[in-house]
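>>> Build me a model:
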Amino acid sequence: MRLLTHNMLSSNIKGVANGFPLRLEAEKFVEKEVDFNPDFLKNMFPKIEWKALVDASRTLGYAELPDDADPSMLASEDFLRKFHHALLELHVEEGALLCPETGRRFPVNKGIPNMLLHEDEV
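Predicted structure coming up:
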């Protein structure tokens, strides 16, 4: 699961008002090289919840992203490359995503998050 995916997921448990961002617990992660595409990054930037991306990347030991970012930073190739690495090249293979409100664990196995809800959560 890329951090791009993590940034788009939230807990949809019935009654949960604050299901984003899911806290990341990574037991195993890998880095997978992906072609650099600045146009894709520039288009994705406004859709990304920046603090959630920074927190998730730091959980994986990647501390190169600044605490805050604004669109003017997209002119810097150095910034774009760091953003690219965090968003697309860090993959969680095994671990869990935790609902910030309930603490419910959603497992991540072989890079796939299982967000299925139990009957009583629908």
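>>> Quick one: neighbours of residue 59, just the number.
If you count neighbours by other Cβ atoms under 10 Å, residue 59 ends up with 18. Using the backbone N, CA and C atoms, a C-beta is placed for each residue, glycine as well.
>>> ah, wrong one, I meant residue 38
13.
>>> go on, residue 23?
15.
>>> OK, contacts around it?
Going by Cβ atoms under 8 Å, 6 or more residues apart in numbering, residue 23 touches 97-98, 100.
>>> and the closest residue in space to residue 1 that isn't next to it in sequence, what does it touch?
Closest residue in space to residue 1, ignoring its immediate chain neighbours: residue 92 at 4.8 Å, by Cβ to Cβ, 6 or more residues apart in numbering. Listed by Cβ under 8 Å, 6+ apart, the contact partners of residue 92 are 1, 3, 6, 24, 26, 28-29, 60, 108, 111.
>>> the helices in the protein, which residues?
3-8, 38-44, 50-59, 77-84 (DSSP state H).
>>> Make JSON lines out of those and add mean pLDDT and distance to residue 122.
Listed next are the helices of the chain as JSON lines, based on pLDDT from 0 to 100; distance: least, Cβ to Cβ, whole Å:
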{"stretch": "helix 3-8", "mean pLDDT": "98", "distance to residue 122": "21"}
{"stretch": "helix 38-44", "mean pLDDT": "98", "distance to residue 122": "31"}
{"stretch": "helix 50-59", "mean pLDDT": "98", "distance to residue 122": "25"}
{"stretch": "helix 77-84", "mean pLDDT": "98", "distance to residue 122": "36"}
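>>> I am finished for the moment; much appreciated.
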